[in-house]
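Student: kindly generate the corresponding structure for this input.
(chains A and B)
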Amino acid sequence: MGAKVRIELDPLGVVLEAEAGATLESLLSEYGVEFPCGASGLCGGCKVQVLEGAAEPEEADLLALTEDEIAAGYRLACRLRADSPLKLRVEQWSMPVLSDDTEGARLGRSGLAVAIDLGTTTIVAQLLDLKTGEVVGLRTALNPQSAFGADVMSRVRASIESPELTRVIREFLGQTIADMAGHRLPEIVEVVLVGNTVMHHLFCGLDVKPLAHVPFHSAHLGEQRLEPEALDWRLAPRARVRFLPCLGGFVGSDILAGILATGLHVGPKLRALVDLGTNGEIALGNSERILCASTAAGTAFEAGAIRMGMRAAAGAISHVFWDGSSLRCGVIGETAPRGICGSGLIDAVAAGLDMGSILPNGRIANGTRELLLHQPVKLFQADVRELQLAKGAIAAGLRILLDHWGARMDEIECVYLAGAFGNYVRPESACRIGLLEVPAERLVPSGNTALRGAKLAIGVEEFPVMNIIEHVPLASDPQFEDKFVSCMAFPADADALRQA
Amino acid sequence: MADLTKLFDAVVDGDAKTTLEMTKQAIAENIQPEEIVSKYMIPAMDEVGRRFEAEEYFVPELLLAGRAMKGALEILRPLLAASGAKPAGKVVIGTVKGDLHDIGKNLVAAMLEGAGFEVTDLGTDVSPEKFVEAVNTKDAQIVCLSALLTVTMPAMKSTVEALTSAGVRDKVKVMIGGAPVTDQYAREIGADSYSENASAAVAAARTLVAA
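Tutor: The predicted model follows:
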């Protein structure tokens, strides 16, 4: 064994040891750093800032990064070597994680509580004062299970092979809570967690095998209460830790929390809640009955599998519109565009439809199979196809829930868009591409409804709303294929909705 | 005389109604069913495959063309059987145990049928035993396995193993496909072929029966 060199990664505070002189790419990859161009030194997407230590810029750095960036200590992670101890700030991890500013429940007693939105990709935790309802602490992070795979299915597969995923997430959250609460840790009386079914099972140490095959149904969907001691968390022994119940299939407590946060279950109006992600979740209903479903949308909304796709970080085209004579692009950060993020993708296709460059069947009509957005960023034919699959799955899911409910699309009073993506997508564009087939003014970006709902659930023993929620399995619905395929096409013109 | 280039166009356009009308008209005019299939339907589905490869067509167009052709084949099939016409090959297809996804599998089945293969579709969540049984009863030359989830891929391996232990592995070729499946995985589990999409599956099937 050679000498070891200490590498610290901000903002997560991860510390690793690398073989002296070794390249860092594979080690960083294990810890969730992404290399969009396959570590070829071309795209600059793996950029890190050297906060402590020294790393001389190489030729690839000089080509991919600007002079200012080089001067500020930015380097390509795929070219770094462990010659000396380094402290690096990982640019990708600085992406915005959607938190929630609302107050928690005011229970009028002293003590603290913690609400955690445990997402497949990101985690948000808040510390709340039970007397005032105030948010007194906040932590955001990437889910450390990302090293085992990006989507829920690869996590399921990884956890069938190794019990590590449960240990990793429990340890990480225990540490997160301890850091956030500091000396007030013993004052915590309750921790409420929400997340999708796979996150629920992995955190609670439940068997995920039933989630790996037909009918994708686990017998342990209910609320789980765990002892701090069993989790190896340094909380007061009487503190209770609860993971809220799943709603069925892959629809988890994040959607239950979303229902609580948006008040979907209050009043007679028919409304929907949609969480656009790799696993798209939909809830539809009112005070009498709520139907929910999940549908596999692929990674297009996060700009995965998109040729020049990237996260919503500096250099990403996040907005595109057609002003009648030219395409205009909005780029995140004061920098040249180098890729396109999920909201930009939806905008770009909407603009392409408006300018006639993309046909309703999805074909890029100019004969080149690509559309230049802003030099050097292009939209490719295969990207449009990815989006067709994703939006087809969501739109078909909502149509099927409406059929089960016995209502028409125009009877939906509003659609709450949950999650980060729902907050950044332009409602007009989501409508233009037929992702959601209601008028734009009925789309309501609703922020992190999972976290808000988790806060509302603090101190609440029972959720009567569970009695009116029904899970609809889409994959086995005989209508799904037909609806999915017809939902892959784009509306012919922007006014199609109003005329329909 | 019916203008059968219209039949070709109708299949390519996924126009089921015209496809069926033109087929009926052709039969009424005593055009041989083999000729209808080999001169119009198969070339039409080849054109559909070409457009898919060229990124002009996508899943909906493929599926519509497949359905148009299927409707016509339903009235042609008994006539073909009566005249003793031989299919391009016999294929058994299904989505493996544990998996319910069938759109990709349906597309492959439709394209193979369009290419003149006799296709037995076992549906979804098909056990290894059912695959073995169908290979035997249908005397299939090719068995196609589909999986969309990384977690159901191992069922492809157990199906190949079941074919081996039933002693039929050397008389049937195994083709696999589905989003998470790769060429390398095909080699790992001892399958004969991997296809990336429905159009590539036709080319692969033609190669497999010719081998």
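
Student: do I have it right that B:His101 meets B:Gly94?
Tutor: No. Counting by C-beta atoms under 8 Å, B:His101 does not reach B:Gly94; the two are 11.6 Å apart. Heads up, the C-betas are built off the backbone N, CA and C, glycines and all.

Student: show me the common contact partners of these two, please.
Tutor: Taking C-beta atoms under 8 Å, 6 or more residues apart in numbering or on different chains as the criterion, B:His101 and B:Gly94 both touch B:Thr124, B:Ser146.

Student: quick one: which of these two has more around it?
Tutor: B:Gly94 (25 against 22; other C-beta atoms under 10 Å in any protein chain shown).

Student: list the contacts for that one?
Tutor: So B:Gly94 contacts B:Lys105, B:Asp121, B:Leu122, B:Gly123, B:Thr124, B:Val126, B:Lys130, B:Phe131, B:Ala134, B:Cys144, B:Leu145, B:Ser146 (C-beta under 8 Å, 6+ apart).

Student: what about the fifth one, how many neighbours?
Tutor: Applying other C-beta under 10 Å, we find 21 residues neighbouring B:Thr124.

Student: for the fourth one, same thing?
Tutor: As a burial measure, B:Gly123 scores 13 neighbours (other C-beta under 10 Å).

Student: what secondary structure does it sit in?
Tutor: Using DSSP: H, G, I helix; E, B strand; the rest coil, the structure places B:Gly123 in coil.

Student: could you report the pLDDT at it?
Tutor: Model confidence at B:Gly123, given as pLDDT, is 94.

Student: touching, it and B:Lys97? I think so.
Tutor: No. If you go by C-beta under 8 Å, B:Gly123 and B:Lys97 don't touch, sitting 11.5 Å apart.

Student: within reach of chain A, which of the contacts of B:Gly94 are there?
Tutor: Among the contacts of B:Gly94, the residues within reach of chain A (C-beta under 8 Å from any C-beta of the partner chain) are B:Thr124.

Student: PyMOL command for the buried members of the contacts of B:Gly94?
Tutor: A single PyMOL command selects the buried members of these (16 or more other C-beta atoms under 10 Å in any protein chain shown):
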select buried, chain B and resi 105+121+122+124+126+130+131+134+144+145+146
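
Student: of the contacts of B:Gly94, which is the nearest to B:Ala115?
Tutor: The closest of the contacts of B:Gly94 to B:Ala115 turns out to be B:Cys144 (C-beta to C-beta; 12.8 Å).

Student: find the nearest non-adjacent residue to that closest one, please.
Tutor: B:Ile93 (4.1 Å; C-beta to C-beta, 6 or more residues apart in numbering or on different chains).

Student: please give the element, helix or strand, for the one you found.
Tutor: Using DSSP states H and E, B:Ile93 sits within strand B:90-95.

Student: OK, contacts around B:Glu61?
Tutor: B:Glu61 makes contact with A:Asn361, B:Gly14, B:Val48, B:Arg51, B:Phe52, according to C-beta under 8 Å, 6+ apart.

Student: can you rerun that using 10 Å?
Tutor: Contacts here follow C-beta atoms under 10 Å, 6 or more residues apart in numbering or on different chains; on that basis B:Glu61 touches A:Asn361, A:Gly362, A:Arg363, A:Val485, A:Met488, A:Ala489, B:Val12, B:Asp13, B:Gly14, B:Val48, B:Arg51, B:Phe52.

Student: next: A:Arg328.
Tutor: The neighbourhood of A:Arg328, defined by C-beta under 10 Å, 6+ apart, consists of A:His319, A:Val320, A:Phe321, A:Trp322, A:Ala351, A:Leu373, A:His374.

Student: just checking, the fourth one touches A:Met355?
Tutor: What it means is A:Trp322. Yes. The pair A:Trp322 / A:Met355 is scored as a contact, 4.7 Å apart, by C-beta atoms under 10 Å.

Student: can you give me the distance of the residue of the stretch 251-400 of chain A found nearest chain B to A:Gln388?
Tutor: Per C-beta to the nearest C-beta, A:Gln381 is where the stretch 251-400 of chain A lies closest to chain B, at 4.5 Å. Look at A:Gln381 and A:Gln388: by C-beta to C-beta, to the nearest Å, they are 11 Å apart.

Student: the two: who's more crowded?
Tutor: A count of neighbours by other C-beta under 10 Å puts A:Gln388 above the other of A:Gln381 and A:Gln388, at 23 against 19.

Student: next secondary structure after the strand or helix carrying the more buried one?
Tutor: Using DSSP H and E, A:Gln388 sits in helix A:381-405. As assigned by DSSP H and E, the chain's next helix or strand after helix A:381-405 is strand A:414-418.

Student: so what strands line up beside that following strand?
Tutor: Pairing partners of strand A:414-418, with direction, according to DSSP bridges: strand A:271-275 (parallel), strand A:443-445 (parallel).
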